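# take this sequence and fold it.
(chains A, B, C and D)
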Number of protein chains: 4
Amino acid sequence: MSDLSAVKAALKSQQIETPSWAYGNSGTRFKVFTQAGVPRDPYEKLDDAARVHAATGAAPVVALHIPWDRVDDYAALARYAEERGLRLGAINSNVFQDDDYKLGSVTNPDPRVRRKAVAHLLECVDIMDATGSRDLKLWFSDGTNYPGQDDVVARQDRLAEALAEVYGRLGEGQRMLLEYKLFEPAFYTTDVPDWGTAYAHCLRLGDKAQVVVDTGHHAPGTNIEFIVAFLLREQKLGGFDFNSRFYADDDLMVGAADPFQLFRIMHEVAKNGGLAPEAGVAFMLDQCHNIEAKIPAIIRSVMNVQEATAKALLIDAQALASAQRSGDVLEANAVLMDAFNTDVRPLLREVREELGIDPDPVAAHRASGWQERIAAERVGGTQAGWGA
Amino acid sequence: MSDLSAVKAALKSQQIETPSWAYGNSGTRFKVFTQAGVPRDPYEKLDDAARVHAATGAAPVVALHIPWDRVDDYAALARYAEERGLRLGAINSNVFQDDDYKLGSVTNPDPRVRRKAVAHLLECVDIMDATGSRDLKLWFSDGTNYPGQDDVVARQDRLAEALAEVYGRLGEGQRMLLEYKLFEPAFYTTDVPDWGTAYAHCLRLGDKAQVVVDTGHHAPGTNIEFIVAFLLREQKLGGFDFNSRFYADDDLMVGAADPFQLFRIMHEVAKNGGLAPEAGVAFMLDQCHNIEAKIPAIIRSVMNVQEATAKALLIDAQALASAQRSGDVLEANAVLMDAFNTDVRPLLREVREELGIDPDPVAAHRASGWQERIAAERVGGTQAGWGA
Amino acid sequence: MSDLSAVKAALKSQQIETPSWAYGNSGTRFKVFTQAGVPRDPYEKLDDAARVHAATGAAPVVALHIPWDRVDDYAALARYAEERGLRLGAINSNVFQDDDYKLGSVTNPDPRVRRKAVAHLLECVDIMDATGSRDLKLWFSDGTNYPGQDDVVARQDRLAEALAEVYGRLGEGQRMLLEYKLFEPAFYTTDVPDWGTAYAHCLRLGDKAQVVVDTGHHAPGTNIEFIVAFLLREQKLGGFDFNSRFYADDDLMVGAADPFQLFRIMHEVAKNGGLAPEAGVAFMLDQCHNIEAKIPAIIRSVMNVQEATAKALLIDAQALASAQRSGDVLEANAVLMDAFNTDVRPLLREVREELGIDPDPVAAHRASGWQERIAAERVGGTQAGWGA
Amino acid sequence: MSDLSAVKAALKSQQIETPSWAYGNSGTRFKVFTQAGVPRDPYEKLDDAARVHAATGAAPVVALHIPWDRVDDYAALARYAEERGLRLGAINSNVFQDDDYKLGSVTNPDPRVRRKAVAHLLECVDIMDATGSRDLKLWFSDGTNYPGQDDVVARQDRLAEALAEVYGRLGEGQRMLLEYKLFEPAFYTTDVPDWGTAYAHCLRLGDKAQVVVDTGHHAPGTNIEFIVAFLLREQKLGGFDFNSRFYADDDLMVGAADPFQLFRIMHEVAKNGGLAPEAGVAFMLDQCHNIEAKIPAIIRSVMNVQEATAKALLIDAQALASAQRSGDVLEANAVLMDAFNTDVRPLLREVREELGIDPDPVAAHRASGWQERIAAERVGGTQAGWGA
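A predicted model of the protein is given here:
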């Protein structure tokens, strides 16, 4: 895409969805470190998300997590968002934090627990109806820790049954996004461990079921951009949970561990039509800012996605295709690297200026005094976190 | 399966397919070490395979690799096998050892090379017609080494086109087995890198297309038995390429690196009907005996599969299901481990005695004098290897 | 060691150290599932540990974790242990659960935090003086999450300084055991990430500093038994933190994920003198029983170590050495596998009977009614866990 | 290092050592694809290396591999190099391609083979005397494929003995560089599998023994820059074998798989004094250009190292240290990323122009007609490769 105005237009139209839980406290099993000014409820999370959007102009959607974001009136929450220039995005279900789910939720050997889990998923669709959300995002921690603990195939049967019931409940324009994950918290088997499993279930369910790629959920050495390209070819890529990792599901800021990988992913997205709004690819963050300041970390993450996208858009597609056709390995690679090695920050500054916002989102946010204000005002109450 | 006679019957009916190339020289990129007595042609490979079957009573099928096993008269080769109590098994294609395939075979950007590759695959089906082989086994080294080198999606299109053409050529009772591999020899993308990709293609092709699981072709941390169970549930498991690995595709003797994993795999096979002949699961070896004596290594490998199968058959299925249903994690695991910890070697000695063969295959082979004989007789000529 | 009485004697003399924290609640970052009857204080943990020792006859030592096991009178706690046939083992420091340690403890850029951390480590030595413990076990969560976050070399300097101060405080007969870990909770760098780093520090410190091998703390593909053999050759193996893992630091029951690996580790230990009491190798468990019953899981873990040890002791050392000398790869491997494939459970039943305990520890514990008793009696209060 | 003239001076003084074998054919165990114009002897390799240096101005040193580069008169070879503006670098030993080394070289159980291997290493020092090379680079393929195959500790003893003998033969100003590698071609144990093992041996040997870091020789998830920093702190970093990898030891062009990692490595080198000539860090390439044109690939690799170095030199050291001291995680990371995100290609064009060479090495080489010339002239004879 050599036309700079088209590149800019694409960048201006890209929307990053930030997760409500990234504004709250998080941590590892060893320790959750609290931070001053962390929101105490979904409304305060939206206040923070509005700052991210104000600073970047690119983050107008906020994903919710139920029950962490449970409120009495979801329509009111949606209006609160709208008043701040935001809209509510994916509803993320949670069937892993109840004692009943120790041995699984929808795949639990106990039918009572399965029914309870399905009821929660159905409730999430109710919430979607109220918030106007398009996407139900399903991640299951279900699995086993020890060989023999449960029957792998029986669990697939239970999973299929639960998914079918929830799928049947989806309304017009609603989608089910199925996420896969190699391991954690289950350590021996996970019931949806890889894209192939998620794909097979989605295929059987129908067009409204799509796969979500969380960039931290793969085995070492997995070529994520291959999966992205394959799913786009199959029209089964529902979206991303962006983050980055050095080892496991580290949930660091996207682009922080391997910016070249993020660029390669965005190249496959861009090349295969995934940036077009009608493709329906949701660009969501799913991160844990355990030790760094949360709002600035989210701003930085949005910027990292934008920079990778910009570089992907700058690839000389004709030169690339020509080198590929002629089998010129080095030239084809050089065309790609030429885009990656370009400093796109000036271009993104321009884009922001054209949008009427500060070209430097991090500095703008720092200057806004927001952090000092929330640290002073949000005193007392219970800070939001993974458990609340 | 607590009925010992049923266990024995299952063990007696299990057939392991040994690969012709395992009798020849092999090695790493650093060095191929030659061994005395290695076969010079496919007939001598069958002579060696007959010794493995004589010693174990469980290895009556021999897979061929084209062009390494190219002969003028395949029907004559099949008769030669039959006279030795063997039959010819899967025909393995080779579209990776010609200079033309430097940038791929069926996915090569050059249509001339793709046609050449497809022609070879079609020739393999011709050979199947002559040998009476059921299975065409396809492994593609196709992929890229550098980001940008070629178009991931275009390569999938080319792959799908080639597979469809070859699939259309299959006769009654013939199957196409599609193998996947994480990496090597391609280092950036592989065109069939994981079971999901192989599955998606096989699904589109039809019932005669099945996935092959090579136990050495996964990313670290991949739960192979999950894949096995999943594919059996989907009726898409065509067979195994057994071997073992500590790091990458080490191609060591199956069961040598992680005997517990092999047991878990055979548990899923046995539990989900994969041992029944009508399931059509091919139990093939695909190994490289770089530094150890070849025939004894293959005998040991056959025994390792038998021991894992025996242990899997000894699992108390009722006790396991009961513990699983009640959510007793430790008891369910204990039922499984009880079978694994059992020494099944006496049982297998009995099975062999009932088959009328020596209970100790390794000792019997050593005592046979075969190794001394081939070392003395197979002098001159060119030893078989990966390149011949 | 073909002499059966010597094998039995070795098995009878092996002592497994169980960790106080394994009796309490644990979990992942997603959820801690509570269990009925979990101890509320260090005394109740010792009561449970006494049951493990009663059932196995092999677990007379209990490691403490400070501050989780903080009491007013450590000498009284030691007497309490002694009255139950136990003694207190390694003192495990904790410099990762205070808000001050967000960016590190002994390697924190802030000297105030470093002093606080060192003070805690020195306090642990004070506790050792009171409990009569030999070993101070140091595991640091210190590291960084993002490239650039801190200076790798400066952190090593701070680490060296802290270790030297604590080392200087050790009394006669006391040791410092330094543990390494690839990652978690730090995701980019860890200050003691591998055995080489731990070894280098211990070498500089002196003979009282030894390396601890936690079997879950390595990169995929790491050959742990090589490290064990190397450290024994260097007289730098202080002990083990046993557990097992499929992916990361899963902290499952030792021997549950890869019993063959555990056997290979115990082979290196046995072959290289590590079972002799004077070698000073501590056989500790470090596990999290997130979903399974805790006491039976610990009993099973002790048994798994014993079974691996028994198999290692049954290796025909002469036959092995002979095959190795002659370069007979298959025979040497077969000698090893022969021991591994042996069912040693009858031998261990005999050993237990000779010790005057029930040959079936799991059944004996179940029959004891202890679980029902603690579930009934330990009501109210706060269950012990990682945070208490 | 904010002073641009100092940055340029550092870039001008950096010397990359190219390996003679990268100019010859290479491949995987599956296939070696030949290329037109590949050298037939060491002299032609030097001719090609001279083109790389002419194009880059940064590659004046060429490493040799014995016996692949065996000539009658090494002094004459050295003069040949000198006449082309080159000098001969590290002498790489080869004790892995003789049938005698099937079970190891210096660690082989057979003392005859060990003596043969040591004799080769000593011969390499003789060659160093003739070529004026400073470094003897030792990589051992020694290891085992199967558990039990040999005695891990005995092999360390043999290794230590061999290293000591060779070390004792080193002359004034000569060094021994010991390389480690996780696996391949050995699959169960490798005798020098990690930096810790290499470090421990080097420490015992003395100051002339230094560790070499091959960037492709680690387990997944290993933080290589940590090792680099640690070895520099210990004054034990002898140099690099640069290449890049996605999975195993892929030997792709350095910087091609993870340019951010290469930048982080060069940051640790630069920050910790490793760029200073007196630090003695050798920046060697060790790559296999299996499918891409060799000379342009080596030129690109040299440029990739330069670009990573340039970015590392552009880091604002004061700002970084300040953010680190104050515990500002995001700011410290941002300082690092700011340098990484800078497009340093204009700076390197300037550097080249100041050196009087073409600012675009790839284009300059292409325009030189060298590839056409060698393709036309180097006809007949045997192309150089790993076996010649």
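# please name the bridge partners of residue A:63.
Bridge pairing for residue A:63 (DSSP bridges) gives the partners residue A:19.
# is it true that it touches residue A:17?
Yes. Between residue A:63 and residue A:17 there is a contact under CB atoms under 8 Å: 5.4 Å. For glycine as for every other residue, the C-beta is placed from the backbone atoms N, C-alpha and C.
# tally of neighbours for residue A:67?
14 (other CB atoms under 10 Å in any protein chain shown).
# remind me which helix or strand it belongs to.
For residue A:67, there is no host helix or strand (DSSP states H and E).
# contacting residues around it?
Taking CB atoms under 8 Å, 6 or more residues apart in numbering or on different chains as the contact definition, residue A:67 lies against residue A:94.
# report pLDDT for residue A:387.
pLDDT recorded at residue A:387 is 60.
# same question but for residue A:3, I mixed them up
pLDDT, residue A:3: 88.
# count of neighbours near it?
9.
# just the one 5 residues further on next, same as before
Other residues near residue A:8 number 18, with proximity taken as other CB under 10 Å.
# hang on, it in a helix?
Yes. Under DSSP: H, G, I helix; E, B strand; the rest coil, residue A:8 falls within a helix.
# now the residue lying farthest from the centre of chain A: closest residue in space that isn't a chain neighbour?
Of all residues in chain A, residue A:326 has its C-alpha farthest from the mean position, at 37.4 Å, by CA atoms, centre = their mean. Nearest non-adjacent residue to residue A:326, counting by CB to CB, 6 or more residues apart in numbering or on different chains: residue B:109, 7.8 Å away.
# near chain B at all, stretch A:237-247?
No. Counting by CB under 8 Å from any CB of the partner chain, chain B has no neighbours in stretch A:237-247; the shortest distance is 11.0 Å.
# how about the helices in the stretch 251-388 of chain A?
For the stretch 251-388 of chain A, applying DSSP state H, counting those that start in this stretch gives helices covering A:259-271, A:294-314, A:317-325, A:329-340, A:345-355, A:361-368, A:370-377.
# can I get those helices in CSV including mean neighbour count and mean pLDDT?
Output for the helices of the stretch 251-388 of chain A, formatted as CSV (neighbours: other CB atoms under 10 Å in any protein chain shown; pLDDT from 0 to 100):
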stretch, mean neighbour count, mean pLDDT
helix A:259-271, 24, 98
helix A:294-314, 25, 98
helix A:317-325, 17, 98
helix A:329-340, 22, 98
helix A:345-355, 17, 98
helix A:361-368, 17, 98
helix A:370-377, 14, 97
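# with distance to chain B added, can I get these in TSV?
Formatted as TSV, those follow (distance: least, CB to the nearest CB, whole Å):
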stretch	distance to chain B
helix A:259-271	6
helix A:294-314	11
helix A:317-325	5
helix A:329-340	3
helix A:345-355	21
helix A:361-368	29
helix A:370-377	38
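# quick one on the thing from earlier: assign the residue nearest to residue A:326 to helix, strand or coil.
Going by three-state DSSP: residue B:109 is coil.
# spell out which residues of the stretch 201-350 of chain A are next to chain C.
Neighbours of chain C within the stretch 201-350 of chain A, by CB under 8 Å from any CB: A:220, A:245-248, A:250, A:252-253, A:256-257, A:290-292.
# could you rerun that using 6 Å?
A:220, A:246, A:247, A:248, A:250, A:252, A:256, A:291 (CB under 6 Å from any CB of the partner chain).
# give me the residue from chain A nearest chain B.
residue A:196 (2.4 Å; CB to the nearest CB).
# measure how buried that residue is and give me the count.
If you count neighbours by other CB under 10 Å, residue A:196 ends up with 25.
# same deal with residue A:379?
For residue A:379, using other CB under 10 Å, the count is 10.
# in the helix or strand where residue A:5 lies, which residues are buried?
Residue A:5 is located in helix A:4-13, with elements delineated by DSSP H and E. Neighbour counts over helix A:4-13 (16 or more other CB atoms under 10 Å in any protein chain shown) mark A:7, A:8, A:10, A:11 as buried.
# look up how far residue A:277 lies from the last one.
Looking back up the chat, that one is residue A:11. 14 Å (CB to CB, to the nearest Å).
# and for the second one?
The spacing between residue A:8 and residue A:277, counted by CB to CB, is 16 Å.
# about what we covered before: I'd like the residues of the stretch 201-350 of chain A next to chain C laid out as a markdown table, including distance to residue A:118.
As requested, those are exported to a markdown table (distance: CB to CB, whole Å):
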| residue | distance to residue A:118 |
| --- | --- |
| A:220 | 34 |
| A:246 | 36 |
| A:247 | 34 |
| A:248 | 29 |
| A:250 | 31 |
| A:252 | 33 |
| A:256 | 37 |
| A:291 | 37 |
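# which residues does residue A:254 contact?
Contacts for residue A:254 (CB atoms under 6 Å, 6 or more residues apart in numbering or on different chains) come out as A:242, A:243, A:244, A:301, A:304, A:305.
# my guess is the fourth one meets residue A:253, correct?
Yes. Counting by CB atoms under 6 Å, residue A:301 touches residue A:253, with 4.6 Å between them.
# what about residue A:125, how many residues nearby?
With other CB under 10 Å as criterion, residue A:125 counts 19.
# for residue A:174, that is, sorry about that
Neighbours around residue A:174, by other CB under 10 Å: 18.
# contacting residues for it?
residue A:128.
# please redo it, this time with the cut-off set to 8 Å
Residue A:174 is in contact with A:125, A:128, A:133, A:134, A:135, A:136, A:208, counting by CB under 8 Å, 6+ apart.
# so the fourth one sits against residue A:171, correct?
I take that to be residue A:134. No. Residue A:134 is not in contact with residue A:171 according to CB under 8 Å; the separation is 10.1 Å.
# could you find the closest non-adjacent residue to the closest residue to chain D within the stretch 201-350 of chain A?
Per CB to the nearest CB, the residue of the stretch 201-350 of chain A with the smallest distance to chain D is residue A:220, at 3.6 Å. Spatial nearest neighbour of residue A:220, excluding adjacent residues (CB to CB, 6+ apart): residue D:220 at 3.6 Å.
# read off the pLDDT value for that neighbour.
Confidence score, pLDDT, at residue D:220: 97.
# got the residue ranges for the strands in the stretch 151-300 of chain A?
A:175-179, A:189-190, A:209-214, A:237-242, A:282-285 (DSSP state E, counting those that start in this stretch).
# can you name the next helix or strand after the helix or strand where residue A:119 lies?
If you go by DSSP H and E, residue A:119 is part of helix A:111-131. On the C-terminal side of helix A:111-131, the closest following helix or strand by DSSP H and E is strand A:135-138.
# that following strand near chain C anywhere?
No. For strand A:135-138, no contact with chain C is found by CB under 8 Å from any CB; the gap never falls below 15.2 Å.
# packing partners of that strand?
strand A:87-92, helix A:111-131, helix A:152-169, strand A:175-179 (3 or more CB pairs under 8 Å, 6 or more residues apart in numbering or on different chains; DSSP states H and E).
# and the contacts of it?
Residues contacting strand A:135-138 (CB under 8 Å, 6+ apart): A:63, A:89-93, A:121, A:124-125, A:128, A:163, A:166, A:170, A:174-179, A:212, A:238-239, A:282, A:284.
# which residues do residue A:301 and residue A:253 both contact?
residue A:287.
# one step back: so which of the contacts of residue A:174 comes closest to chain C?
Ranked by distance to chain C (CB to the nearest CB), the contacts of residue A:174 are led by residue A:136 at 19.6 Å.
# give me the number of residues near that closest one?
Applying other CB under 10 Å, we find 26 residues neighbouring residue A:136.
# same check on residue A:76?
When counting by other CB under 10 Å, one arrives at 12 neighbours for residue A:76.
# please identify the helix or strand for it.
Per DSSP H and E: helix A:74-83 holds residue A:76.
# and that helix, what's buried?
By neighbour count with 16+ other CB under 10 Å, helix A:74-83 contains the buried residues A:74, A:77, A:78, A:80, A:81.
# for the stretch 101-250 of chain A, give me the ranges with low pLDDT.
Flagging of the stretch 101-250 of chain A using pLDDT under 70 yields an empty set of residue ranges.
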